[in-house]
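Engineer: Kindly return the folded structure for what I paste below:
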Amino acid sequence: PPLKTLPPHKIGLIVEPTPFTHVSGYSNRYKELLKYLSDAGDHVEVVTPDDSKDPPQEYMGYPISYTPGFRFTLYNHICLSIDYKLVGAEMIKRHKPEILHVTTPGFIAIISSIYAKIFNIPLVLTYHTPLPVYAEKYLGFVPFIVPITWFVVKYVHAAADLTLVTSPQLKAEFDAHGIDNVDVWRKGIDTVSFNPKWKDQATRDMLSDGNPDDLLLIYVGRLGKEKRIDDLRAVMDANPSVRLAIVGTGPYAEDLKKLFKGTKT
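Structural biologist: Below you'll find the predicted structure:
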């Protein structure tokens with residue numbers, strides 16, 4: 001339906017990591033969300049951790065309040081928070097949102113669930129990262145780490161009035177583990193950014209290492225082990241004429257450089 005079919009809503013958005021200086025598909029999703037909320041005339045205040053230099057104070061005209069954060073030892077590429085200064089609670093008192101929208105997995109979701117109960121606000125949790133997969137990849141040496149992780153996910157999401165996941169596959173996993181009130185936050189294509197009008201020969205030359213007529217595969221995103229980018233090595237070996245461009249940063253970057261050495265990558 002048209003965005004302004006319903007009257008404007010007041011929304012409290014508590015997210016970690018920050019979508020404003022952290023680069024990822026998750027970041028793009030939240031920036032697009034805020035654009036649509038702005039077009040709909042909704043009133044939003046944002047709470048997020050960010051330890052970067054000079055983070056923005058607003059986005060699309062929506063104010064951003066920062067809560068102190070920390071770098072998680074096992075994955076220090078993102079800034080997380082437990083909101084020990086209760087910045088989220090202060091936002092709720094000031095803004096009086098009708099809906100509290102909080103990201104998971106993360107530490108801030110736990111305290112945000114408590115806020116929702118105390119202030120009697122409907123809670124929407126959005127699940128963006130398959131935490132059991134990460135646990136198996138990075139903590140596989142811990143006995144029973146996957147069932148323990150699923151127990152934590154189920155416990156956190158039991159507090160939600162609605163959980164949104166980013167794919168039908170994740171919804172099926174949540175259903176299989178007895179997590180209720182789950183729906184899919186459907187994906188879309190940003191036809192403004194991804195448009196043939198941006199075609200550029202110099203970029204094509206750069207990505208193809210000066211061979212623009214060759215078949216070119218491109219991966220753009222965070223370079224984490226759980227992304228299974230290394231599976232493309234077999235594709236490159238089976239198709240030696242194909243070129244691959246990997247664009248992004250992350251903890252697996254150096255490993256990927258070694259893995260794809262000797263290929264047209």
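Engineer: longest single helix anywhere in the chain?
Structural biologist: For the chain, the longest helix by residue count, based on DSSP state H, is helix 25-40.
Engineer: how about that one as PDB, C-alpha atoms only?
Structural biologist: Below are the C-alpha coordinates for helix 25-40, written out as PDB (Å, rounded to 0.1, in the frame of the first residue of the first chain):
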ATOM      1  CA  GLY A  25      24.300  -5.600   3.800                       C
ATOM      2  CA  TYR A  26      22.800  -5.100   7.200                       C
ATOM      3  CA  SER A  27      23.800  -1.500   7.100                       C
ATOM      4  CA  ASN A  28      22.200  -0.900   3.700                       C
ATOM      5  CA  ARG A  29      19.000  -2.500   4.900                       C
ATOM      6  CA  TYR A  30      18.700  -0.100   7.800                       C
ATOM      7  CA  LYS A  31      19.500   3.000   5.800                       C
ATOM      8  CA  GLU A  32      16.900   2.000   3.200                       C
ATOM      9  CA  LEU A  33      14.400   1.400   6.100                       C
ATOM     10  CA  LEU A  34      15.000   4.900   7.400                       C
ATOM     11  CA  LYS A  35      14.500   6.300   4.000                       C
ATOM     12  CA  TYR A  36      11.100   4.600   3.700                       C
ATOM     13  CA  LEU A  37      10.100   5.600   7.200                       C
ATOM     14  CA  SER A  38      11.000   9.200   6.300                       C
ATOM     15  CA  ASP A  39       8.900   9.000   3.200                       C
ATOM     16  CA  ALA A  40       6.000   7.700   5.300                       C
END
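Engineer: can you list contacts of that helix?
Structural biologist: The set of residues external to helix 25-40 that reach it, using Cβ atoms under 8 Å, 6 or more residues apart in numbering, is 3-4, 6, 8, 11, 13, 15, 17-20, 44, 46, 59-62, 103, 128-129, 166, 185, 188, 190, 221-222. Quick note: C-beta positions are derived from backbone N, CA and C, even for glycine.
Engineer: make it 6 Å
Structural biologist: 3, 19, 44, 59-60, 128 (Cβ atoms under 6 Å, 6 or more residues apart in numbering).
Engineer: Flag every buried residue along it.
Structural biologist: For helix 25-40, the neighbour count (16 or more other Cβ atoms under 10 Å) marks 26-27, 29-30, 33-34, 37-38 as buried.
Engineer: Residue 125 in helix, strand or coil?
Structural biologist: Following DSSP: H, G, I helix; E, B strand; the rest coil, residue 125 is assigned to strand.
Engineer: Can you check what pLDDT the model gives it?
Structural biologist: For residue 125, the model assigns a pLDDT of 98.
Engineer: Give me the nearest residue to it, chain neighbours excluded.
Structural biologist: In space, residue 125 comes closest to residue 160 once its chain neighbours are excluded; the distance is 4.1 Å by Cβ to Cβ, 6 or more residues apart in numbering.
Engineer: Next one: residue 26 from residue 15, what distance?
Structural biologist: Counting by Cβ to Cβ, to the nearest Å, the separation of residue 26 from residue 15 is 9 Å.
Engineer: where does the protein have low pLDDT?
Structural biologist: For the chain, applying pLDDT under 70 flags the ranges 1.
Engineer: ok so, going back, and the angle for the longest helix of the chain with strand 123-127?
Structural biologist: Taking axes from the mean of the first three to the mean of the last three Cα atoms, to 10 degrees, one finds helix 25-40 and strand 123-127 inclined to each other by 140 degrees.
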